[in-house]
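Trainee: Sharing a model prediction with you, sequence too.
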Amino acid sequence: AATLTPKELSTVALYSEVENELLRLLGDQGVEIVESLGLPFDPLRHEAVQMKESTEYEDGVVMLQYQRGYVVDGKVVRAATVVVSSGPGPS
């Protein structure tokens with residue numbers, strides 16, 4: 001892993017603060033994040049872009065999220081883009 005300079009660490013911290021504030025403001029407006037990682041794939045809330053073998057996750061469980069999804073007033077406005085486990089594969 002690369003070591004970050006103090007300026008880079010400061011920039012990362014600033015972006016993190018902006019992200020947290022944006023998510024708080026969206027939450028105040030009724031926007032919810034679609035939870036994905038480690039949960040069963042739900043085609044109404046997730047868009048699978050790949051299936052991949054995994055010994056860590058059971059078949060049909062989201063193992064990686066590429067992009068967050070959002071729900072407003074119970075309606076999905078953007079599905080989460082995910083990779084779904086196909087189980088451990090052949091032995």
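Mentor: That came through, no problem. This is a predicted model, so every value here is computed, not measured.

Trainee: Tabulate the CA atom coordinates of the helix or strand hosting Val84 in CSV.
Mentor: For Val84, the host element (DSSP states H and E) is strand 80-85. In CSV, the C-alpha atoms belonging to strand 80-85 read as follows (Å, rounded to 0.1, in the frame of the first residue of the first chain):
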residue,chain,number,x,y,z
ALA,A,80,-26.8,-0.8,-6.6
THR,A,81,-24.3,-2.2,-9.1
VAL,A,82,-23.0,-5.4,-7.6
VAL,A,83,-21.1,-8.7,-8.1
VAL,A,84,-22.9,-11.8,-6.9
SER,A,85,-21.3,-14.9,-5.5
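
Trainee: From the contact counts, what lies against that strand?
Mentor: strand 46-52, strand 62-67 (3 or more C-beta pairs under 8 Å, 6 or more residues apart in numbering; DSSP states H and E). Backbone N, C-alpha and C define where each C-beta goes, glycine included.

Trainee: Is it correct that Val12 falls within a helix?
Mentor: Yes - Val12 forms part of a helix when assessed by DSSP: H, G, I helix; E, B strand; the rest coil.

Trainee: quick one: pLDDT of Ser91?
Mentor: On pLDDT, Ser91 comes in at 67.

Trainee: related to what we said a few turns ago, who does the strand holding Val84 pair up with?
Mentor: Using DSSP bridges, strand 80-85 pairs in its sheet with strand 46-52 (parallel), strand 62-67 (antiparallel).
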